[in-house]
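K.L.:
here are the coordinates; sequence isn't available:
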């Protein structure tokens, strides 16, 4: 079986950085036949390693040279951190919610390999909804005033957020973007500090 690259991307809690890691690991005849090393190619054979990021909020793909950053690697703890400014967002701005593709490619003198990781990011909208919930005025333990407009909006936003997370988990980009648009309208005036 030939080498099959594997990678992961996650977002920080402050919504301002992404972490890329390679999860290909070392070849093992019993547990990882698509990993690095004999009978597959060796890491030392790699002459280029790049990460290209594109998405809804990026007009031109942004490419990083990962060869100088310790990639490729069999160590899943090696992280390449991508800051908001690397993706052309402001230094104090979060990485915007939406659809992103992370294309990790390596080449040897004779072959090339790649893996594409699609991510639906929702850190900012989750922060806004959580802020709405945290700011609810709960003065009545019996909840006699729970039908006020702010409570209704917060509960509606929370429900949509759960639906958004499920759409992201299922990789349903169309549904995700529709729900994200609705949530942006509901939370437009909500500042969470992200």
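P.N.:
Now that the structure is in, tell me what you want to look at. All values derive from a computational prediction rather than experimental measurement.
K.L.:
measure stretch 4-17 end to end?
P.N.:
26 Å (Cα to Cα, to the nearest Å).
K.L.:
wait, I meant stretch 10-30
P.N.:
With Cα to Cα applied, stretch 10-30 spans 28 Å between its terminal residues.
K.L.:
so residue 185 is in which element?
P.N.:
Assigned by DSSP states H and E, residue 185 belongs to helix 173-186.
K.L.:
and that helix, what does it pack against?
P.N.:
strand 98-107, strand 112-121, helix 123-134, helix 149-170 (3 or more Cβ pairs under 8 Å, 6 or more residues apart in numbering; DSSP states H and E). For the C-beta atoms, the positions are set from N, CA and C on the backbone; glycine is no exception.
K.L.:
which residues are in contact with the third one?
P.N.:
The reference is to helix 123-134. 11-13, 15, 94-97, 150, 153-154, 157-158, 160-161, 164, 180, 183-184, 187, 190-194 (Cβ atoms under 8 Å, 6 or more residues apart in numbering).
K.L.:
thinking again about what came up before, out of the helices and strands packed on helix 173-186, flag the one nearest residue 79.
P.N.:
Closest to residue 79 of the helices and strands packed on helix 173-186 is strand 98-107 (Cβ to Cβ; 13.4 Å).
K.L.:
if you count neighbours, what's buried in that closest one?
P.N.:
By neighbour count with 16 or more other Cβ atoms under 10 Å, strand 98-107 contains the buried residues 98-107.
K.L.:
that concludes my questions; thank you for your assistance.
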